[in-house]
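**Q** Sequence below, structure please.
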Amino acid sequence: MSVQGGIYEFTIGVSNLEHSVSFWESCGYHVGLKGELSSDHSNKLYDVDANLQSIRMNHQNASAGLVRLMKWDKPLGEGLNMAPLRSFGNRWSVHKTDNIANAYVHGEVLRQQGHPINLVGPHYNLNLDKKVSEKKPFKETLAATGELLLFQPEAQLVIMSRMNFSIPKYGTINQKAPLRVSEGCHMAIVLKGNDKTIFDFYEDVIGLKRYRELNIEYQPGYMPSDMFDLKPGETLTELNFDDPKSGTEPEEHLPGRLRCFMVSTKNQLPDLRTKSTPGNKGYTFYTLRTSDIKNMFKRIELSHATGQTDICINEFGEDSFYFLSPDGFSWVMQAINE
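**A** As a prediction, the model looks like this:
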């Protein structure tokens, strides 16, 4: 028995629910379920001794890449707080747009107004269907991808665009929203090291579909190298885990992908994983759903996961439990309410 769908939600500890709702509405989300937990119940499920108010933000008809806003009355800390992309323990969400310049303008205006924001890019990857040296500018249609890093203290987004090619099912843009973006197409985690087997858990135990692995070396001017600020001698490995129903061809890709990055470096990278656990501000755990939570509880209990809590009712009335995957990241598994 595997999970149903990909990553259902990315969760965010927020300072002000009203302000956070307004931001995510600008991204095309809308308010869904609301719920609360007392400190006793939060302690049992999330290991956080604080009262909790939560709002689930839906995005059109999306069934993955939703947002859960979580307001703790006694937050544990400021969280990831716009850490650079390459930071060990980092997390963010990636959203599709049809107008990356529009997203950049929103971010740049915010920066010039003096608000805290880490704005990087947009950077473009021109090496898609063939090498740049083989392309014929002004004589043929050129495919490319663009990415813009738009990190705020409690909203770590990467905005992506696809030019002259389409992955139609991989996110649906809300064109009526000011930022013109989709739900979360993929959600990221970052580790340091070389042992890629640490990620096998997501396929072997959780049941996500392993899709693709990329190995990226330091190469100035190459988008992934630039976005991660790779140094000479460093390499970056990207592994992808999809919704079990996602197809192998691009036109069959579904949102909710987990994208795992591993930075191989001799340089020091501080471990920020404890800054994205429940109770912190900013991006914290990701959620998954299953139709057989008792079976999934046993599967995870028998794995190398740690910190597993008992099955409890979450703030939305759903059976849930919390755990740390073998790579040290926080997750919540929850039952699908029929």
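**Q** what about stretch 249-260, average pLDDT?
**A** The average pLDDT for stretch 249-260 rounds to 92.
**Q** Can you give me the domain assignment for this protein?
**A** Taking automatic domain parsing as the reference, the chain has its domains at 9-79+275-335, 91-264.
**Q** Between the two ends of the shortest one, how far is it?
**A** According to C-alpha to C-alpha, to the nearest Å, domain 9-79+275-335 extends 13 Å from its N-terminal end residue to its C-terminal end residue.
**Q** follow-up on the earlier one: now the domains of the chain in TSV, please, with extra columns for distance to residue 2.
**A** In short, each C-beta sits where N, CA and C put it, glycine included. Shown next, in TSV, are those (distance: least, C-beta to C-beta, whole Å):
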stretch	distance to residue 2
domain 9-79+275-335	8
domain 91-264	2
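**Q** Worst mean pLDDT among these?
**A** When the domains of the chain are ranked by mean pLDDT, domain 91-264 comes last with a mean of 92.
**Q** just how off-centre is it within its chain?
**A** Here domain 91-264 shows a centroid-to-chain-centroid distance of 10 Å under the convention C-alpha atoms, centre = their mean, to the nearest Å.
**Q** Also stretch 305-313?
**A** Relative to its parent chain, stretch 305-313 has a centroid offset of 22 Å by C-alpha atoms, centre = their mean.
**Q** Strands of the stretch 51-200 of the chain, start to end?
**A** In the stretch 51-200 of the chain, the strands defined using DSSP state E, counting those that start in this stretch lie at 52-59, 66-72, 91-97, 118-125, 144-152, 155-163, 181-192.
**Q** mind checking how far the residue lying closest to residue 55 once chain neighbours are set aside is from residue 15?
**A** Excluding its sequence neighbours, the residue lying closest to residue 55 (C-beta to C-beta, 6 or more residues apart in numbering) is residue 69, at 4.7 Å. To residue 15, residue 69 is 10 Å away according to C-beta to C-beta, to the nearest Å.
**Q** Of these two, give the one with the bigger neighbour count.
**A** Shown here are residue 69 and residue 15; by other C-beta atoms under 10 Å, residue 69 has more neighbours (23 against 14).
**Q** Can you tell me who the more buried one pairs with across the strands?
**A** On the basis of DSSP bridges, residue 69 is bridged to residue 12, residue 55.
**Q** burial count for residue 186?
**A** 26.
**Q** wait, I meant residue 113
**A** Residue 113 has 8 nearby residues by other C-beta under 10 Å.
**Q** And residue 94, by the same measure?
**A** Other residues near residue 94 come to 21 when the count uses other C-beta under 10 Å.
**Q** OK, contacts around it?
**A** Residue 94 sits next to 147, 157-160, 184-188, 259 when contact means C-beta atoms under 8 Å, 6 or more residues apart in numbering.
**Q** Run through the bridge partners of it.
**A** Using DSSP bridges, the bridge partners assigned to residue 94 are residue 158, residue 186.
**Q** I'd guessed residue 63 sits against residue 5; true?
**A** Yes. If you go by C-beta atoms under 8 Å, residue 63 and residue 5 touch, sitting 5.9 Å apart.
**Q** Compare those two (neighbour count), which wins?
**A** For residue 63 versus residue 5, neighbours defined as other C-beta under 10 Å are more numerous around residue 5 (22 against 17).
**Q** Looks like residue 172 contacts residue 64 (just checking).
**A** No. Shown here, residue 172 and residue 64 do not form a contact pair, counting by C-beta under 8 Å, at 10.9 Å.
**Q** Quick check: neighbours shared by those two?
**A** Taking C-beta under 8 Å, 6+ apart as the contact rule, the neighbours common to residue 172 and residue 64 are residue 183.
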